[in-house]
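>>> Sequence first, predicted model second:
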Amino acid sequence: MKEFNDLAEFKPAQIAELLQLAKQLEESPEPRALEGKVLALLFLSPSLRTLASFQAAMTRLGGGSFVISPDMSIHGLETRPGIVMDGAAAEHIREAVPVIASYGDAIGIRAFAERRNLEDDLADKEYMALRKLCDIPLINMESAINHPCQSLADWKTMDDLGIPINGGKFVLTWAFHPRALPLAVPAATVHMAAMRGMNVTVLRPDGFELPDSVMHKARKAAAESGGLVEETSDRASALNGAHVVYAKSWSATQHY
Amino acid sequence: MKEFNDLAEFKPAQIAELLQLAKQLEESPEPRALEGKVLALLFLSPSLRTLASFQAAMTRLGGGSFVISPDMSIHGLETRPGIVMDGAAAEHIREAVPVIASYGDAIGIRAFAERRNLEDDLADKEYMALRKLCDIPLINMESAINHPCQSLADWKTMDDLGIPINGGKFVLTWAFHPRALPLAVPAATVHMAAMRGMNVTVLRPDGFELPDSVMHKARKAAAESGGLVEETSDRASALNGAHVVYAKSWSATQHY
Amino acid sequence: MKEFNDLAEFKPAQIAELLQLAKQLEESPEPRALEGKVLALLFLSPSLRTLASFQAAMTRLGGGSFVISPDMSIHGLETRPGIVMDGAAAEHIREAVPVIASYGDAIGIRAFAERRNLEDDLADKEYMALRKLCDIPLINMESAINHPCQSLADWKTMDDLGIPINGGKFVLTWAFHPRALPLAVPAATVHMAAMRGMNVTVLRPDGFELPDSVMHKARKAAAESGGLVEETSDRASALNGAHVVYAKSWSATQHY
């Protein structure tokens, strides 16, 4: 089964192939490539860009999609594992996912962090459980700790803009937001920029350090790509010479 | 006008043709067969499988669909007949249905049992009223007392699994559910299995007898197909030798 | 950028071309004309006909569409201008619209009257602000003071029914509704009938006069088309000899 869960599961050459395919489709659209093909889209969490872009993409390729989300006209979906089903929800997500997948040639799933237990979210526990229920090609449309499609799109945007790889400086800076936000985008972004071979700086206030496992994964990618990953709370030095400043909010993990 | 309201309106040879067509499309997809064709999908009741599968089916055949349901971004739809329209609902379903149908080549309608009056639900009063408003091919996506698409799919599944017709034993067994559920699926299922020519046993506790009209219709189908329909509360004898055990909940009609 | 905001922006010959194209597509469908093309549909206000017909139209032409509305599975959209984003809404419409547009070849936007300030609604302030955010072909799916697609469809219906242009009498009559309704449809309708060259009578009770700017625009269209626009509260004389009676409710502007 083909899966697109995490950029870390791909070699740089495979990423390059995907980006080359995207460029090729931009230049020479193939409006019959996926004729008769169906992408199932399961949104367990809200969306705007992904909701629009995945549907648009299938149309551009001549196929189609359908969207399922718990707040649509469906019976309630229970998402808690091991629960007694005696409430309003008519169906458990563990049963619903294989059913939804059975109608598609591929499936995209979005399932945000539950923000109940940091270890669970860092291990992407919920998404990994859903992943096991699918037997068709699967795309991660944002999980607790990953957002590979956004990262791939960011990679492409930097290519399109001519942002250098070797010597390119990428600053992921923490930004204020009224609500505590998940770790998925910052974790995916820092890894992506490191995998791209850039000099990556995570700029964040004290207390907003990204988890060790996130930084370790990014540093590992940098070691392979010839990139670099640094962390600082010093804004002036971080922003000095930056090619890209990527502003994003995330919550302090000690308050998880 | 072509309609797919009830398996009982088809002859066994027509059912066989539909199943043959399904098999043929599985083996040789026809992704341009319904090019430019539109299926209108009206969900007055919640759905998961039907919502996904009908949209997927239209894509597979090269056409498309649109979904309308009262909890989407539409003006409220009033469904009560003969009501004064002085409330929040902007439109009556009696006016909305012909409008929705006017944009499709065919229409699917789901309208669950209202569970206010047993006679009305057994006569499928609401669905029959909606049916009269459509002048394009119509598909019953589950009404108060029928679910022909699910029954046709179940028939196909049994064919695919090699479940015998003559001599095949089909047990529809009542199962517990925390809420009182409609009669549509059990009624359609017992009729379908009887129409398929199987030996059908309805296994249910005392007090959960299916209504007389449901059993009568199933027995009539069995008489024509060479099948048999029995009813019992004796679990051991019912399950003995069963090829298929179909577990489903339904509510006791004396508490309707 | 191509836009379809207001019939007044088109010359009669261009309207005639659009109606001719519609007729031609009715007679000779072109199910591959928009192969691979995407129409983004943004519903900031509720819909039934438009929601169904735009999706159906794209399918008929071989393309596809996606629907975004604030009550779907998306992050909340803030629509108030100049607001501090410290509440539940994750995103401001000013940012969302360009993103949504970026996934389409064309975009349709519905944004009803806000009914807070009459001058703002008569100037179509909200829609004009959204319009500036789009850089792809744009279709007005009903704004505070316009509904050009409905008007074009009404024009076509009259053509199909053989309603005369010169000498044809069109009566827009105010009708009771339990709620105060926007001015978009009556304003667009009186203008359309005048632009078509008909003798238009607005029949309304005292106190329900259409705003001066609406009547002025309709009279200007009549002057160019050879039509006529009158206003009266005398039902008998208004309805006498009418070819079309168009009943619609709108609110009295002094209570705005």
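Structure received.

>>> Nearest to chain B within the stretch 1-150 of chain A, name that residue for me.
Going by CB to the nearest CB, chain B is nearest to A:Gly36 of the stretch 1-150 of chain A, at 2.7 Å. In this view, the C-beta of every residue, glycine as well, is placed from N, C-alpha and C.

>>> And stretch A:19-38, what's buried?
A:19, A:22, A:31, A:34-38 (16 or more other CB atoms under 10 Å in any protein chain shown).

>>> could the residues you listed be laid out in CSV, adding secondary structure?
Compiled in CSV, the buried residues of stretch A:19-38 are given as follows (DSSP: H, G, I helix; E, B strand; the rest coil):
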residue, secondary structure
A:Leu19, helix
A:Ala22, helix
A:Pro31, coil
A:Leu34, coil
A:Glu35, coil
A:Gly36, coil
A:Lys37, coil
A:Val38, strand
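
>>> In JSON lines, list those along with pLDDT.
Putting the buried residues of stretch A:19-38 into JSON lines (pLDDT from 0 to 100) gives the following:
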{"residue": "A:Leu19", "pLDDT": "98"}
{"residue": "A:Ala22", "pLDDT": "98"}
{"residue": "A:Pro31", "pLDDT": "98"}
{"residue": "A:Leu34", "pLDDT": "98"}
{"residue": "A:Glu35", "pLDDT": "98"}
{"residue": "A:Gly36", "pLDDT": "98"}
{"residue": "A:Lys37", "pLDDT": "98"}
{"residue": "A:Val38", "pLDDT": "98"}
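
>>> near chain C too, which of the residues you listed?
A:Pro31 (CB under 8 Å from any CB of the partner chain).

>>> what two of the buried residues of stretch A:19-38 have the greatest distance between them?
With CB to CB as the measure, no two of the buried residues of stretch A:19-38 lie farther apart than A:Leu19 and A:Gly36, at 26.7 Å.

>>> just how off-centre is stretch A:168-182 within its chain?
Between the centre of stretch A:168-182 and the centre of its host chain there is 15 Å, according to CA atoms, centre = their mean, to the nearest Å.

>>> wait, is A:Lys156 part of a helix?
Yes. According to three-state DSSP, the state of A:Lys156 is that of a helix.

>>> ok, it - how many residues close by?
16 (other CB atoms under 10 Å in any protein chain shown).

>>> Next one: it from A:Asn5, what distance?
19 Å (CB to CB, to the nearest Å).

>>> What residues does chain A have near chain C?
Within chain A, the positions adjacent to chain C are A:29-32, A:43, A:46-49, A:51-53, A:55-56, A:58-62, A:64, A:67, A:69-72, A:178 by CB under 8 Å from any CB.

>>> hmm, 7 Å instead?
Within chain A, the residues that sit near chain C (CB under 7 Å from any CB of the partner chain) are A:29, A:31, A:43, A:46-49, A:51-53, A:55-56, A:59-60, A:62, A:64, A:69, A:71-72, A:178.

>>> Show me which residues of the stretch 1-150 of chain A sit near chain B.
Near chain B, when you scan the stretch 1-150 of chain A using CB under 7 Å from any CB, you find A:35-36, A:38, A:40, A:63-64, A:66, A:68, A:73-75, A:86, A:91, A:96, A:99-100, A:103-104.

>>> ok so, going back, quick one, what contacts the residue lying closest to the residue of the stretch 1-150 of chain A closest to chain B once chain neighbours are set aside?
Of all residues beyond its chain neighbours, the one nearest A:Gly36 is B:Pro31 (2.7 Å), with distances taken as CB to CB, 6 or more residues apart in numbering or on different chains. Contact analysis of B:Pro31 by CB atoms under 7 Å, 6 or more residues apart in numbering or on different chains lists A:35-36, B:60-62.

>>> so which of the residues you listed comes closest to B:Asp124?
B:Asp124 lies nearest to B:Leu61 out of the contacts of B:Pro31, by CB to CB, at 28.2 Å.

>>> can you count the residues close to the closest one?
Neighbour count of B:Leu61, defined by other CB under 10 Å: 19.

>>> Need phi/psi at A:Asp124.
Main-chain dihedrals, A:Asp124, degrees, to the nearest 10: phi 50, psi 50.

>>> measure it to chain C for me?
Using CB to the nearest CB, to the nearest Å, one gets 21 Å for the distance from A:Asp124 to chain C.

>>> Which pLDDT value belongs to that residue?
For A:Asp124, the pLDDT comes out at 97.

>>> which stretches of chain A have low pLDDT?
A:72-75 (pLDDT under 70).

>>> Closest residue of it to chain C?
For chain A, CB to the nearest CB, closest residue to chain C: A:Pro31, 2.7 Å.

>>> the helices in chain A, which residues?
Along chain A, the stretches classed as helices by DSSP state H are A:12-27, A:49-60, A:93-102, A:118-122, A:125-131, A:148-160, A:184-195, A:212-225, A:235-239.

>>> Quick one, which of those helices gets closest to C:Pro137.
C:Pro137 lies closest to helix A:49-60 among these, at 15.0 Å (CB to CB).

>>> helices or strands next to the closest one in the packing?
Counting contacts by 3 or more CB pairs under 7 Å, 6 or more residues apart in numbering or on different chains; DSSP states H and E, helix A:49-60 is packed against strand A:38-43, strand A:64-68, strand C:38-43, strand C:64-68.
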